[in-house]
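J.: Using only what follows, build the 3D model:
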Amino acid sequence: MRYRIGFWIGPAPVDDESACADLHMHLHTAGQFVGSPTPPLPPNPRIVRFTADVLEEFPADLADPRSPWRDADAAEAAHGQTFAPVLFGPDRKVIGRLTQLAHEHGLQTFDLAAHRLLRLEDVVEWEDGPWITGPLGGSWDEPEAFACRGPEIARERLGLTPSAHVLAGTGEDSP
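T.: Got it, this is the predicted structure:
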């Protein structure tokens, strides 16, 4: 099952909808959507460091049993001030550790499948490592039923016309 999670540089959002809006605004300005106002941007140095640390712990080699990634090119999900990879999941241990790493790098984390901001206090330590608590959604393209204006708020902030979000280069609708 595909599971999408997003990380970005920015202040802590006040709630899930504002987190969704902030992440989508950063994804647009990084060129991650078809029709974004800019072409895909190279990742910011802070995102490069975060992505390197993530891939050191969770290799992008699909033959490696530690790899949670759907694709071997997970590093290519880093653009501008964002990193929005696709994982197999949900995997509470992986999502918990990714949330911890994001916190260590001063990044925000949003679970696009569960439509929720992930905070360090959502991570608990179990015998075999960190686990994320709380609800997790279905796959990233079949999220739980929720009403959110986050993507539309992001488009309004950027002065873009309302439309479906399509990830650049994939032809797939975003969550």
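J.: Where does the closest residue to F83 other than its chain neighbours sit: helix, strand or coil?
T.: Sequence neighbours aside, F7 is the residue nearest to F83 in space, at 4.5 Å (criterion: Cβ to Cβ, 6 or more residues apart in numbering). (Each C-beta comes from the backbone N, C-alpha and C, glycine too.) Using DSSP: H, G, I helix; E, B strand; the rest coil as the criterion, the local structure at F7 reads strand.
J.: partners of F7 in the sheet?
T.: F83, T109 (DSSP bridges).
J.: Next, the most far-flung residue of the chain relative to its centre: phi, psi?
T.: Here the chain reaches farthest from its C-alpha mean at E127, the gap being 26.3 Å by Cα atoms, centre = their mean. For E127, the backbone dihedrals (degrees, to the nearest 10) come out as phi -60, psi -40.
J.: that older thread, do you know how far the residue nearest to F83 is from L160?
T.: Using Cβ to Cβ, to the nearest Å, F7 is found at 22 Å from L160.
J.: Equivalent analysis for A72, please.
T.: In terms of Cβ to Cβ, A72 sits 32 Å off from L160.
J.: Which of the two has more residues huddled nearby?
T.: L160 (16 against 13; other Cβ atoms under 10 Å).
J.: Now for the more buried one: which residues touch it?
T.: Going by Cβ atoms under 8 Å, 6 or more residues apart in numbering, L160 touches 28, 35, 37.
J.: Show me which positions of the helix or strand hosting the first one end up buried.
T.: Read it as H28. In this structure, H28 sits in helix 16-29 according to DSSP states H and E. Within helix 16-29, the residues that count as buried by 16 or more other Cβ atoms under 10 Å are 16-17, 19-29.
J.: Just the CA trace of it, in CSV.
T.: Taking C-alpha atoms only, helix 16-29 is exported to CSV below (Å, rounded to 0.1, in the frame of the first residue of the first chain):
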residue,chain,number,x,y,z
ASP,A,16,-4.2,19.8,10.9
GLU,A,17,-5.9,22.0,8.3
SER,A,18,-3.3,24.8,8.6
ALA,A,19,-0.5,22.1,8.4
CYS,A,20,-2.1,20.7,5.2
ALA,A,21,-2.3,24.2,3.8
ASP,A,22,1.4,25.0,4.7
LEU,A,23,2.7,21.8,3.3
HIS,A,24,0.7,22.2,0.0
MET,A,25,1.9,25.8,-0.3
HIS,A,26,5.5,24.6,0.1
LEU,A,27,4.9,21.8,-2.4
HIS,A,28,3.6,24.3,-5.0
THR,A,29,6.4,26.8,-4.5
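J.: I'm done for today, thanks for sticking with me.
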